[in-house]
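> Quick check, what structure comes out for this input:
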Amino acid sequence: MESNKRKRADAGELPAHARVTYYAGPRAFERLFKESSLQELKDVVRRKLGLGSGVVVKLQQMRPNALLDLDDDDDFEALRAQALRDTGSTIDIRVTVEEDQSKVCDKHLQYMHYISYIILLSLGSFNLYPRG
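I've put the predicted structure just below:
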């Protein structure tokens, strides 16, 4: 009987996790901090915002006097230590979303090849079907 009382009491307790509020442009959402890596943190954002794999997610912890980059394991460990120490706190994270630059470069390169082809055709100096 005591175990049932304990389960009910535990169910009413607040979770022992810090809250993370993500600010992504005009949108904001909140989650309990349960992630064990920076990639998991980014995956939370990617799922919530419905982002594809061709999008780069950048995170920064918002402090009163600074924006702290979250771009490597050491940055994540510092954030995680704070979240574990201050379980009742809220951590604010700024989200920046960018298109993967390697894919942008590929698109620009394809576009430049296409433009070059059109210019050569218009100048008459390029024959699609040369006579042998």
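> pLDDT wise, what is L123 at?
Per-residue pLDDT puts L123 at 62.
> how about the helices in the protein?
2-12, 38-49, 73-85, 101-123 (DSSP state H).
> ok, of these, where does mean pLDDT dip lowest?
Between those, the one with the least mean pLDDT is helix 2-12; it has a mean of 52.
> Using PDB, list the CA coordinates for stretch 48-62.
Output of stretch 48-62 as PDB, limited to C-alpha atoms (Å, rounded to 0.1, in the frame of the first residue of the first chain):
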ATOM      1  CA  LYS A  48      10.000  21.000 -33.500                       C
ATOM      2  CA  LEU A  49      10.600  23.300 -36.500                       C
ATOM      3  CA  GLY A  50      10.300  20.600 -39.100                       C
ATOM      4  CA  LEU A  51      13.700  21.300 -40.600                       C
ATOM      5  CA  GLY A  52      15.300  19.000 -43.100                       C
ATOM      6  CA  SER A  53      18.900  17.800 -43.200                       C
ATOM      7  CA  GLY A  54      20.000  20.500 -45.500                       C
ATOM      8  CA  VAL A  55      19.600  23.100 -42.800                       C
ATOM      9  CA  VAL A  56      22.300  24.100 -40.300                       C
ATOM     10  CA  VAL A  57      21.000  24.700 -36.700                       C
ATOM     11  CA  LYS A  58      23.100  27.000 -34.600                       C
ATOM     12  CA  LEU A  59      22.500  27.500 -30.900                       C
ATOM     13  CA  GLN A  60      23.500  30.200 -28.400                       C
ATOM     14  CA  GLN A  61      22.800  30.300 -24.700                       C
ATOM     15  CA  MET A  62      21.300  33.700 -23.800                       C
END
